[in-house]
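Q: Predicted model, plus sequence, below.
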Amino acid sequence: MRRAEPKQVCIWIACSRPAVIRAEIFRAADLKYTKHVMSENKKNKKVAEPIGLGSSNLLRLGEHLYVGLVIAKPSSSIQTIPNANNNNSTYTNVNTHFPSNELLAYDVEFSYLQDNVKKREWLKDFGLLDGSDAIIYNNKHNNHINHHDVILLPTFFIQEKNNRNSLNVMYGSCRKLHGKGEDCLAIADKIIAASFEDLDRRPSVLYLIGDQIYADDVAGPLLGHLTKFGIQLLGREEKIWGSNKKLTEVIPGERQEFIEKHAKFTSESAANHLIGLGEFAAMYLLSWNIENWPKSFPDIRHTNHKLDKKKYSVEIEELKRTLKALPSVRRVLANIPTYMIFDDHEITDDWNITQEWSQAVEKSECGQQIVSNGFLAFWAFQAWGNDPSLYNEEFIARICEYLNKNGNVHDVDRKAFESFFWNFHGWTFTVPTYPLTIFVDTRTQRQYDSINGPPILINDLGLNALSNAAFRENYYKKGDPIIIVSPTPVFGFEQAEQLQEYLASKSNVYKWDLETWSSNEKGFVRFLTFLLTTISPGKCIFLSGDVHYGFTVIANFIQLQKEYKKEENIHRMEMPIVQLTSSALKTTSLSKEVLINEFLGRFSQLFSPRKTLRIGWANLQEKSQKIKHYKKGNRRNLINRLKFIVGFRKKQQKTQERIPPDWIESRDTIQPSGFLIPSLVVTDNNIGLVTLSYDHNNDIKEISHKLLVLKGNNIKVHEAKLS
């Protein structure tokens, strides 16, 4: 399930052969009692009438790889109603919108040729509607449903914009298949099953906000299969530009040096880095579907001698954990509208982290090839379904035309295609929730003010894209609350970011991934100022991941009026902010647990304030000034007295005049429940569940932020409530 809104429902599918796919949308209530009629004469015919239809051809990405996005639109229907004289009359009801806040269901028909015989099959024919790997919720998975009321199709619902009782959002990031710990994306399966028909509790959307795959950090036991599977998908072995080696010659465990030399990448975990488009596609197919996995993993005794035997064995054990969760993951993705954005690992670690990195990779044939392969796979498997209207026929035709050449392209055509993806920036998109959600691209529209310093994560073009997305179709108006998805937290866990900045100063930005919003204060303040003055939300809620721990922050950003004549005439604009962060779905580590959780999350509270306030000046070179000994309740008193605070001054400035600051930023990290000894962060693998409830004025009354952790078969809840 991908984008779902009153005017359209989008369903994404990957197949191994060409087909025409046709989707039917139903009211779930119509299916409860009619169900499927499975007689020989009416095989796969449904008694219920669909309320929406759509069909599409699959796009050919390779000889055995076809992907499609079928867009179902509301359909007209003939209804019969009794009149006053008890005579029946018919009329045509043109449904212009799918019903909101009502459980809906869907089925998909596949029409294809097999041995020159046309076949028509539905989800049931592929074994997807029964058995342990079923993609539906029935009495086997949900004890709350009466056996006679089972809905034998995958389901979803569309949140009604004007019904603002609540909004429930599941979100997470950083799902490494061989990452340590349980796969917490499977928790969403339990949440949906427990709230199957309770739409006040059932999540209406799932946000996957970065690192859905790890292209650079691939498990040794998987790479060989990914390479072979990728060749099978494309029907050919890809050339590696800028090298005289074939893809199969760059074997598991030996890609680190190759990637550094030929692609100019800086990832330190690139021993099994993905290179070919087929490998990227295979990685996505493995991440979401157990049926694409190898039957067994290679015995290390018969593999390359450079592989670390202990690491190899550990990776196999973690991969087996992922395998157990995959049926649940597949079911989740079939039953909830899902929206996705990239972070770095969809391409490679450190992607566009500095100007130096960007320039070096852009000059590399191999680097350009891998980046464009990652982009193409991201579009086909993730971005396309976010909002199909962003990718016109010309965009799709260009991709199909290039891939239909099966790798037989001239250098000019290849470089033009790679440049097309390198320079394409239309990745920012909206989700039709209330509040409106905007996913922002913080990777491809960066700005650099030094060759190897921390970047400004969004440049002017990126800010304009955000603004255009917000005000498109008049869905959002100034003063409304807004949800902004930024893969990396805008308001990070301050103690960890300060440590990160210090360590980077002693080595380099690549080793410590110094690309936080706060590491480039100029870009951080410019972004917040843009939101405050141009978007002007009543409340700004940031959803983020990336950092491999979860936390909750409430914050405020205030801009003081620059032009004033008298001290008492200083005016301010204020934006209340909530930062919610969930990470990682599957990739924790002992260092994170000890350093972040125990030391920074718990022990630091003894000597470092949980609440901080910072003031700064727009036209001065120095960084902002942190106000010490700031306590709760003093913020407004301090704001009113800011005219008396001595600001930083340029060295050339001779006047002793005191300068009020241009902006003020305050933040407070909230302790979540669920700890015996309180901590500010959750470092176990987790998935976030955000619930927004509203008052009678449609203002947000309460925000519940739950970080859910899988402990055996049980879910542990860490919750922070904000009013």
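A: That came through fine. Numbers count the residues shown, from 1 in each chain.
Q: among the helices and strands of this structure, which one scores worst on average pLDDT?
A: In the chain, no helix or strand scores lower on mean pLDDT, DSSP states H and E than strand 36-37, which sits at a mean of 42.
Q: quick one: the spatially closest residue to Pro337 that is not a sequence neighbour and Pro154, what's the gap?
A: Residue nearest to Pro337 in three dimensions, not counting chain neighbours: Ala4, with 4.0 Å by CB to CB, 6 or more residues apart in numbering. Just so you know, the C-beta spots here come from the backbone N, C-alpha and C atoms, and that holds for glycine as well. Computed as CB to CB, to the nearest Å, the Ala4 to Pro154 distance reads 12 Å.
Q: For those two, indicate the residue with more neighbours.
A: Legend: neighbour count by other CB atoms under 10 Å for Ala4 and Pro154, higher for Ala4 (27 against 24).
Q: The more buried one: what's it in contact with?
A: 10, 98, 156, 158, 337 (CB atoms under 8 Å, 6 or more residues apart in numbering).
Q: redo that, cut-off 10 Å
A: 10-11, 25, 72, 98, 104, 106, 156-159, 204-205, 336-339, 431-432 (CB atoms under 10 Å, 6 or more residues apart in numbering).
Q: Confirm that Ser389 sits in a helix.
A: Yes: counting by DSSP: H, G, I helix; E, B strand; the rest coil, Ser389 is located in a helix.
Q: Remind me which helix or strand Tyr502 belongs to.
A: Applying DSSP states H and E as the criterion places Tyr502 in helix 494-506.
Q: what helices or strands is the next helix or strand after that helix leaning on?
A: With elements assigned by DSSP H and E, the helix or strand that comes after helix 494-506 is helix 521-530. Counting contacts by 3 or more CB pairs under 10 Å, 6 or more residues apart in numbering; DSSP states H and E, helix 521-530 packs against helix 460-471, strand 551-560, strand 572-581, strand 611-616, strand 663-670.
Q: what's the angle between helix 521-530 and strand 572-581?
A: 110 degrees (axes from the mean of the first three to the mean of the last three CA atoms, to 10 degrees).
Q: and the chain, what are its domains?
A: 4-158, 425-687 (automatic domain parsing).
Q: For those, please prepare CSV with the additional fields distance to Trp351.
A: Converted to CSV, the domains of the chain look like this (distance: least, CB to CB, whole Å):
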stretch, distance to Trp351
domain 4-158, 22
domain 425-687, 6
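Q: that older thread, go through the helices and strands packed on helix 521-530 and name the closest to Asn289.
A: Asn289 lies closest, by CB to CB, to one member of the helices and strands packed on helix 521-530: strand 572-581, at 28.4 Å.
Q: so the closest one versus strand 663-670, what angle?
A: 30 degrees.
Q: Surely Leu710 touches Ala325?
A: Yes: counting by CB atoms under 10 Å, a contact exists between Leu710 and Ala325, whose distance comes to 8.9 Å.
Q: Mutual contacts of those two, please.
A: 182-187, 586.
Q: And the residues you listed, which is closest to Leu58?
A: Leu185 (25.9 Å).
Q: For the closest one, give me phi and psi.
A: phi -60, psi -30 (degrees, to the nearest 10).
Q: Give me the helices and strands touching the helix ranked longest in the chain, please.
A: The longest helix of the chain (DSSP state H) is helix 309-334. With contacts defined as 3+ CB pairs under 10 Å, 6+ apart, helix 309-334 has these neighbours: helix 187-194, strand 205-208, helix 220-234, helix 277-288.
Q: for it, which positions count as buried?
A: Neighbour-count burial for helix 309-334, counted by 16 or more other CB atoms under 10 Å, picks out 312, 315-316, 318-319, 321-322, 325-334.
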